[in-house]
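Q: quick check, what structure comes out for this input:
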Amino acid sequence: MLTTRHPRVDVLGVGISAVTPHSAVQEIARWIRTGERSYVCVTGVHGVMECGRDHGLRRIHNASGLTVPDGMPMVWAGHRAGATWMRRVYGPDLMLAVLERAAEEGWSSFLYGGAEGVPELLGQRLVGRIPGLKIAGAYSPPYRPLTARESDAIVDTINASGADLVWVGLSTPKQERWMAEHRDRLVAPALLGVGAAFDFHAGLKSQAPGWVQQRGLEWAYRLASEPRRLWRRYLRNNPAYLARITLRPPRLAMPASFSAAGQSNCES
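A: You can find the predicted model right below:
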């Protein structure tokens with residue numbers, strides 16, 4: 001159920017939370033303080049366009065506790081809709097900000113995702129970077145779909161760890177589907193899908209410089225870094241997004257305008 005108190009910007013039918021990095025961290029802290037259970041989608045152009053092709057995925061994004069603006073195009077869309085206070089909530093930066101708060105508050109984290117050995121390496125790097133951070137566990141799932149028995153086992157493992165935060169690094173749309181599927185089965189108040197943040201903070205991939213990110217050119221940096229993997233994504237999504245957002249401008253709406261099923265009432 002969508003319970004966040006923050007308004008959302010309807011970007012091609014996807015409700016992007018009109019937040020700042022600070023307000024996003026505060027919302028997640030509220031879930032942990034109150035025991036409310038929800039999940040965070042970290043979304044840019046790729047996620048919005050995937051939602052346009054998959055209505056089930058769009059419902060997942062719209063039913064989240066937060067769907068934060070991971071890319072500058074989402075921030076620009078928010079400003080165009082009147083949410084001038086919106087700022088980029090970049091997945092890797094959000095992860096660090098929440099983990100720094102976790103170290104202060106005593107919250108523990110479970111790391112789920114990444115290639116074999118990556119979540120364990122990530123945990124080591126994060127503990128070395130953030131004094132007092134608690135990592136309750138780590139698990140790298142196989143690339144194939146889990147069997148029912150395997151899924152039950154990982155749910156039991158995460159719940160037994162006592163984690164307050166479950167970080168999911170499976171990339172879009174796998175991580176969003178995993179969070180929605182497992183939300184009701186996991187005790188941890190907050191599930192957060194942060195994708196490539198696992199590889200970035202484990203030191204396995206480099207991030208774009210800050211000035212590149214602020215100009216909305218991170219896609220070009222990532223394309224140059226991984227052309228064989230990413231060229232189809234950007235060629236397919238970026239021109240289509242620009243064309244569609246011109247025809248259907250973003251609109252600001254309160255969370256109540258998104259139905260319980262996660263479908264925007266404004267959808268055309």
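Q: make it CA atoms for all contacts and neighbour counts henceforth
A: Noted.
Q: could you pull out the strands for the stretch 51-200 of the chain?
A: With DSSP state E, counting those that start in this stretch as the criterion, the stretch 51-200 of the chain has strands at 66-69, 108-113, 134-139, 165-169, 190-193.
Q: could you dump those strands to TSV with distance to residue 151 and mean pLDDT?
A: Listed next are the strands of the stretch 51-200 of the chain as TSV, based on distance: least, C-alpha to C-alpha, whole Å; pLDDT from 0 to 100:
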stretch	distance to residue 151	mean pLDDT
strand 66-69	25	98
strand 108-113	12	98
strand 134-139	12	98
strand 165-169	14	98
strand 190-193	16	98
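Q: out of those, nearest to residue 29?
A: strand 190-193 (8.9 Å; C-alpha to C-alpha).
Q: that closest one: how far from the chain's middle?
A: From the chain centre to the centre of strand 190-193 is a distance of 7 Å (C-alpha atoms, centre = their mean, to the nearest Å).
Q: of the strands of the stretch 51-200 of the chain, which is nearest residue 39?
A: strand 190-193 (4.5 Å).
Q: ok, that closest one: who's next to it in the sheet?
A: strand 38-43 (parallel), strand 165-169 (parallel) (DSSP bridges).
Q: now do the residue nearest to residue 244 when sequence neighbours are not counted: how many residues are near it, please.
A: Distances taken as C-alpha to C-alpha, 6 or more residues apart in numbering place residue 12 nearest to residue 244, at 7.5 Å, with adjacent residues excluded. Residue 12 has 24 neighbouring residues, counting by other C-alpha atoms under 10 Å.
Q: I figured residue 12 hits residue 245, correct?
A: Yes - between residue 12 and residue 245 there is a contact at 6.9 Å, judged by C-alpha atoms under 8 Å.
Q: how about the helices in this protein?
A: Using DSSP state H, the helices of the chain run over 21-34, 45-53, 55-62, 72-80, 91-105, 118-129, 148-161, 174-182, 197-201, 210-214, 218-225, 227-247.
Q: which of the ones you listed sits closest to residue 135?
A: Nearest of these (C-alpha to C-alpha): helix 118-129, 6.5 Å.
Q: give me the pLDDT for the residue nearest to residue 244.
A: In this model, residue 12 is scored at 97, pLDDT.
Q: residues contacting it?
A: Taking C-alpha atoms under 8 Å, 6 or more residues apart in numbering, we find residue 12 in contact with 48, 52, 244, 245, 248, 249, 250, 267.
Q: write the PyMOL selection for whichever of these are buried.
A: Those of the contacts of residue 12 that count as buried under 16 or more other C-alpha atoms under 10 Å are selected in PyMOL with:
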select buried, resi 48+250
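Q: which among the contacts of residue 12 gets closest to residue 210?
A: For the contacts of residue 12, the nearest to residue 210 is residue 48 (22.9 Å; C-alpha to C-alpha).
Q: correct me, but the closest one touches residue 16?
A: No - under the criterion of C-alpha under 8 Å, residue 48 is not in contact with residue 16, lying 9.2 Å apart.
Q: export stretch 81-96 to PDB, keeping only CA atoms.
A: The C-alpha coordinates for stretch 81-96 follow below in PDB (Å, rounded to 0.1, in the frame of the first residue of the first chain):
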ATOM      1  CA  ALA A  81       5.300  20.100 -13.000                       C
ATOM      2  CA  GLY A  82       5.800  22.600 -10.300                       C
ATOM      3  CA  ALA A  83       7.800  20.600  -7.700                       C
ATOM      4  CA  THR A  84      10.600  23.000  -7.700                       C
ATOM      5  CA  TRP A  85      12.000  21.700  -4.500                       C
ATOM      6  CA  MET A  86      12.800  18.300  -6.000                       C
ATOM      7  CA  ARG A  87      16.400  17.200  -6.100                       C
ATOM      8  CA  ARG A  88      18.100  14.100  -7.500                       C
ATOM      9  CA  VAL A  89      18.200  11.100  -5.200                       C
ATOM     10  CA  TYR A  90      20.900   9.100  -6.800                       C
ATOM     11  CA  GLY A  91      20.800   5.400  -5.700                       C
ATOM     12  CA  PRO A  92      24.500   5.100  -4.700                       C
ATOM     13  CA  ASP A  93      24.300   8.400  -2.700                       C
ATOM     14  CA  LEU A  94      21.000   7.400  -1.100                       C
ATOM     15  CA  MET A  95      22.600   4.100   0.000                       C
ATOM     16  CA  LEU A  96      25.500   5.900   1.700                       C
END
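Q: since that was my last question, I'll sign off now.
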